[in-house]
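# What follows is a protein structure lacking sequence information:
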């Protein structure tokens, strides 16, 4: 009985400890997700500097084209809808993405991506927000939020998170330009929302394991009881 | 006589600890090199399994009695290990198919080394408490180079859970099955 209780305590301790870091269980077998770091973590190995990006968007008939700006290494992608910019007589709009050459870690936050400055020669129409996607590495815990700031050493604001489209990416919608980085509150590591059975493969795998244990365990328990 | 045996056990435990930690650190460093992940995992698993050579299967917890229950316990352990990740909203990538064989090899190797040979030698030295805490601490230390610091708490807790099972059920089959299932799924 004491052994069972200690085993249950061990399982509880594990669940609590695993819950504090996303994804929850990770044995490091998958190759590291390629990421070009401004400040590489010690386990990153060889590292290349992160890339910048530039895009010129045409304005046709007073409406800016739909297009996406991205860094050459694909670590930040920002997509614009048709007419996303307030063009004010411009014939084209320049969008620039530059990785910050330092790694600010504001109080209470832990960034797991580089900090990028996204700027443009026109402002965004507040009604037509741009979709911003940041890629991250599995050498750091998953981020919970994208943060933005007008000054990297100033106040950072959490942005609403959009539905994740691909592994190792986080996305949001923005109507302003400035500095962007993904991370999580350092006081409470990323909690992750509970969406059991939320369309991913892993919840199905776990559900199948539990069903197997229950289905196979019952006859085994009955057989064991009969044999006594 | 008893003191001699104790010194011999301590020496054995020390050497085995050094061996498994050195293998795990080497594996982690080699796996970081482009194109060497598969080879590092496969070879690392094989070399770790060498730690169990010479031990009677029963001492490692590898008996065959109630084998069905042991396997079932392993599946349950796998479910427990994966539950926190499964309950999260983020898209969790599954292990690339090409690494599956290597993941199985290293999972088995790690269990044979940590909850098998290392547990047994530490148990000889200081009983179950030393075996559980010692194997868990060394397991965590062994993952320092392959895991970001933030993950080490969860790694330690997983090691503790597997070591507690090894102690409570005198079984290594379930930790092997659970570890393999968890690593294949994530």
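Okay, I see it. Here the structure is a predicted model, which is why all the values come from computation and not from measurement.
# any low-confidence regions in chain B?
Low-confidence segments of chain B, defined by pLDDT under 70: B:1, B:32, B:34, B:88-98.
# mind redoing it with 80?
By pLDDT under 80, the low-scoring segments of chain B are B:1-3, B:5-6, B:31-37, B:85, B:87-99, B:148, B:150, B:185-186.
# swap in chain A?
Along chain A, segments meeting pLDDT under 80 span A:1, A:21-33, A:41-46, A:138-142, A:162-167, A:186-207, A:213-228.
# I figured residue B:75 hits residue A:209, correct?
Yes. Counting by Cβ atoms under 8 Å, residue B:75 touches residue A:209, with 5.3 Å between them. Where C-beta positions appear, they are placed from N, C-alpha and C, glycine not excepted.
# Mutual contacts of the two, please.
residue B:181 (Cβ atoms under 8 Å, 6 or more residues apart in numbering or on different chains).
# Who has more neighbours out of those two?
Taking other Cβ atoms under 10 Å in any protein chain shown, residue B:75 and residue A:209 do not tie; residue A:209 has more neighbours (25 against 21).
# what about that one, helix or strand, and which?
Under the criterion of DSSP states H and E, residue A:209 resides in helix A:201-227.
# when you scan that helix, is anything in it near chain B?
Yes. For helix A:201-227 and chain B, the contact criterion (Cβ under 8 Å from any Cβ of the partner chain) is met by A:201-203, A:205-206, A:209-210, A:212-213, A:216-217, A:220, A:224.
# Just the buried ones from those residues?
A:202-203, A:205-206, A:209, A:212-213, A:217 (16 or more other Cβ atoms under 10 Å in any protein chain shown).
# Looking at those, spot the one nearest residue A:8.
residue A:213 (15.3 Å; Cβ to Cβ).
# Leaving out chain neighbours, which residue sits closest to that closest one?
Closest residue in space to residue A:213, ignoring its immediate chain neighbours: residue B:76 at 4.7 Å, by Cβ to Cβ, 6 or more residues apart in numbering or on different chains.
# I'd say that neighbour and residue B:178 touch.
Yes. Counting by Cβ under 8 Å, residue B:76 touches residue B:178, with 7.5 Å between them.
# Neighbour count: those two, which is higher?
Legend: neighbour count by other Cβ under 10 Å for residue B:76 and residue B:178, higher for residue B:178 (28 against 22).
# Excluding sequence neighbours, find me the nearest residue to the more buried one.
The nearest residue in space to residue B:178 (Cβ to Cβ, 6+ apart) is residue B:77, at 2.9 Å.
# relative orientation of the helix or strand where that neighbour lies and helix A:201-227 in degrees?
Under the criterion of DSSP H and E, residue B:77 resides in helix B:67-86. Helix B:67-86 and helix A:201-227 are oriented at 150 degrees to each other (axes from the mean of the first three to the mean of the last three Cα atoms, to 10 degrees).
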